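[1] build me a structure from this.
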Amino acid sequence: MSAPERPPGGTGAHRAKVPCIPDGHPQAHGSHRQAHRLRVAHLSDLHYGPRHLEEADRCFSAAVDRVIELAVDVAVISGDATDHALDLHAPAALRLLAQVRRLADHCPVLMLQGTWSHEPPGTLSVFRMLGSRHRVFVADRIGQVALMGSASSRDLSATAAFAADLWLVSEGPRFAEVPPGARALFTCIPAINKAAVAASVGGAAAAEAQGEHLARLLQGYAGIHGLARAAGVPTLAVSHGTVFGCVTEHGVPMAGFDHEFTTGALFSTGAQATLLGHIHRHQAWTQGEGERRQCIAYAGSIGRFHHGEQGDKGFLLWELGPDGVDCRLEPTPARRTLNIVFEGRPDLDQLREAASAQELAGVSVRVRWTVADEDRHEVDRGAIERALSGAADVQLEGRIVRVVRTRAPGISQLVSLADKVRAWATATNVHAPPLLQCLERVTTTEPEDIVAEALAVPDAGAKAQGGLDPAEKGPRLDLFEAA
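    Below is the predicted model of the structure:
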């Protein structure tokens with residue numbers, strides 16, 4: 001049996017469409033039930049690029065070493081392998097290709113199209129031509145793909161293994177029947193270009209329309225997944241997007257209405273495992289028990305690319321079999337980060353204490369502070385860097401509070417203070433009479449009398465009737481008139 005690795009159709013607007021599941025019911029093929037277990041390495045959000053190259057390559061290389069050690073059956077990279085478009089001769093592209101080749105020399109690899117801003121259309125096409133021992137399948141359209149071949153193909157010779165592994169692609173959004181001899185069934189939902197959806201239904205309705213279409217699409221896979229599971233074929237959905245209610249790597253819940261998925265919609269596919277990319281923090285949701293158990297999980301990013309990211313970094317090891325599904329996080333040597341925040345000017349003594357209290361070797365430190373504009377020159381950046389010289393790198397972020405001054409044209413040419421107050425009040429849109437009254441009192445009344453009036457307690461009854469307190473020598477002055 002043979003099939004082209006790349007499905008028919010282009011990679012432009014066609015990929016942005018959300019197809020409809022065809023009418024009719026998928027057909028089971030054969031009555032035998034497989035009982036083998038499947039081990040899947042789920043990696044995501046590698047973000048290879050010049051900015052994060054060392055972190056990405058160190059962590060991904062360690063992950064590939066661990067995947068080979070664990071002897072997994074197949075590896076999935078669920079989007080955002082690159083941080084942006086890369087030239088093929090760029091160091092980041094060369095290192096990524098080398099690591100994926102090393103991974104594909106061990107087991108078949110599925111790479112999903114991620115966010116278009118990170119992986120512009122066509123970015124992943126080069127991975128189809130790696131010529132590795134096992135085939136790399138690039139999922140850049142909505143559809144299904146079955147992993148065919150012997151479960152022990154990694155033990156064969158290079159030539160035999162390459163012939164044994166085959167990614168069989170559905171012609172439409174799903175298979176009409178479970179392919180005989182399938183080792184696993186993958187349902188691929190690449191990142192959807194929201195701009196294309198907005199162009200079709202309008203910007204205001206784009207988020208809601210996308211969510212509704214994706215929910216109906218996901219429900220349409222329940223039938224074929226049920227048949228595959230009945231035949232003992234592991235079922236996995238792979239996608240890239242945001243689940244309503246998930247938590248980002250900085251601890252922010254994603255509770256808006258412009259997200260692609262809900263857990264209910266993802267569970268409705270009937271897939272045993274749903275492998276997600278895009279959110280950089282590992283988290284999972286489960287329902288059911290035993291052979292009916294379903295699990296949705298983000299692998300999180302392969303490394304720690306920004307300060308303040310919470311949680312461990314790594315990849316997920318999935319195990320699927322007749323008795324259910326489970327996953328666990330395999331950590332990578334992601335960098336450690338330390339945030340030091342000052343509400344005012346950085347205190348060098350506190351910085352030195354923090355540096356001596358922690359082992360800074362290999363730690364990326366970020367120092368933040370907030371100072372007024374006139375104090376900005378009192379921050380000694382060099383001294384801060386010297387105090388943290390043991391860190392792997394130091395990032396300094398100062399926030400300057402600007403002093404906003406409004407000038408009144410010609411105010412310096414006015415003679416009297418009252419005229420200057422009037423000019424200032426006009427320029428700043430302030431009601432002037434109360435200020436002028438106060439100015440007159442200050443200039444014509446003795447200071448002792450002003451203090452005595454301010455400290456005097458008026459009679460509550462007289463004040464309620466609109467009278468004056470007998471102890472007061474004159475009417476009290478309100479600095480602010482009633483509106």
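[2] same for the helix or strand hosting residue 365, what does it pack against?
    Following DSSP states H and E, one finds residue 365 within strand 363-372. Judged by 3 or more C-beta pairs under 8 Å, 6 or more residues apart in numbering; DSSP states H and E, strand 363-372 is in contact with strand 336-342, strand 393-401. Using the backbone N, CA and C atoms, a C-beta is placed for each residue, glycine as well.
[3] and those strands as a markdown table, adding mean pLDDT, mean neighbour count and distance to residue 409?
    Shown next, in a markdown table, are the helices and strands packed on strand 363-372 (pLDDT from 0 to 100; neighbours: other C-beta atoms under 10 Å; distance: least, C-beta to C-beta, whole Å):
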| stretch | mean pLDDT | mean neighbour count | distance to residue 409 |
| --- | --- | --- | --- |
| strand 336-342 | 87 | 16 | 39 |
| strand 393-401 | 87 | 14 | 26 |
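[4] can you add distance to residue 122 and give the ones you listed back as a markdown table?
    Output for the helices and strands packed on strand 363-372, formatted as a markdown table (distance: least, C-beta to C-beta, whole Å):
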| stretch | distance to residue 122 |
| --- | --- |
| strand 336-342 | 34 |
| strand 393-401 | 34 |
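[5] tell me which of these sits nearest to residue 240.
    Counting by C-beta to C-beta, residue 240 lies closest to strand 336-342 out of these; the figure is 25.3 Å.
[6] need the contact partners of that closest one.
    For strand 336-342, the external contacting residues (C-beta atoms under 8 Å, 6 or more residues apart in numbering) are 304, 307-309, 350-351, 354, 358, 360, 362-370, 391.
[7] got the angle for it vs strand 393-401?
    30 degrees (axes from the mean of the first three to the mean of the last three C-alpha atoms, to 10 degrees).
[8] backbone dihedrals for residue 351, please?
    With angles defined as degrees, to the nearest 10, residue 351 sits at phi -60, psi -40.
[9] and for it, the neighbour number?
    Using other C-beta atoms under 10 Å, residue 351 has 19 other residues around it.
[10] next one: residue 114
    Residue 114: 27 surrounding residues under other C-beta under 10 Å.
[11] check contacts around the closest residue to residue 343 other than its chain neighbours.
    Closest residue in space to residue 343, ignoring its immediate chain neighbours: residue 370 at 6.1 Å, by C-beta to C-beta, 6 or more residues apart in numbering. Counting by C-beta under 8 Å, 6+ apart, residue 370 makes contact with 342, 343, 344, 398, 399, 401.
[12] show me the two of these that sit farthest apart.
    342 and 401 (13.3 Å).
[13] ok, back up a step: any of the contacts of strand 336-342 buried? List them.
    304, 307, 309, 351, 354, 360, 363-369, 391 (16 or more other C-beta atoms under 10 Å).
[14] centroid-nearest residue for the chain?
    residue 279 (3.9 Å; C-alpha atoms, centre = their mean).
[15] and the nearest residue to that residue once chain neighbours are set aside, how many neighbours does it have?
    Nearest non-adjacent residue to residue 279, counting by C-beta to C-beta, 6+ apart: residue 298, 4.9 Å away. Using other C-beta under 10 Å, the number of residues around residue 298 comes to 27.
[16] can you give me the buried ones in whichever helix in the chain runs longest?
    Secondary structure of the chain per DSSP state H: the longest helix is helix 53-70. For helix 53-70, burial by neighbour count (16+ other C-beta under 10 Å) applies to 53, 55-64, 66-68.
[17] let me see the ranges of the strands in the stretch 251-400 of the chain.
    For the stretch 251-400 of the chain, the strands defined by DSSP state E, counting those that start in this stretch cover 273-277, 283-287, 294-298, 314-321, 324-331, 336-342, 363-372, 393-401.
[18] using TSV, lay out the ones you listed together with distance to residue 225.
    Putting those into TSV (distance: least, C-beta to C-beta, whole Å) gives the following:
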stretch	distance to residue 225
strand 273-277	11
strand 283-287	14
strand 294-298	10
strand 314-321	12
strand 324-331	12
strand 336-342	40
strand 363-372	43
strand 393-401	46
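[19] if we can go back for a sec, for the residue nearest to residue 279, name its beta-bridge partners.
    Listed beta-bridge partners, residue 298: residue 276, residue 283 (assigned using DSSP bridges).
[20] give me the residues contacting stretch 246-260.
    Outside stretch 246-260, the residues that touch it by C-beta under 8 Å, 6+ apart are 192, 206-208, 210-211, 214, 239, 241-245, 279-281, 283, 298, 300-301, 306, 308-311.
[21] among those residues, name the buried ones.
    With burial judged by 16+ other C-beta under 10 Å, the buried subset of those is 192, 206-207, 210-211, 214, 239, 241-244, 279-281, 283, 298, 300-301, 309, 311.
[22] and stretch 248-264, end to end?
    End-to-end distance of stretch 248-264 (C-alpha to C-alpha, to the nearest Å): 20 Å.
[23] now it: buried residues?
    Buried, per 16+ other C-beta under 10 Å, within stretch 248-264: 249, 259, 260, 261, 262, 263.
[24] mind checking pLDDT for residue 298?
    On pLDDT, residue 298 comes in at 97.
[25] ignore what I typed, I meant residue 466.
    48.
[26] quick one: low-confidence parts of this protein?
    Low-confidence segments of the chain (pLDDT under 70): 1-36, 150-165, 194-208, 256-258, 403-408, 457-483.
[27] sorry, back to before: now do the same contact list for the residue nearest to the centre of the chain.
    242, 243, 246, 247, 248, 249, 254, 298, 300 are the contacts of residue 279 under C-beta under 8 Å, 6+ apart.
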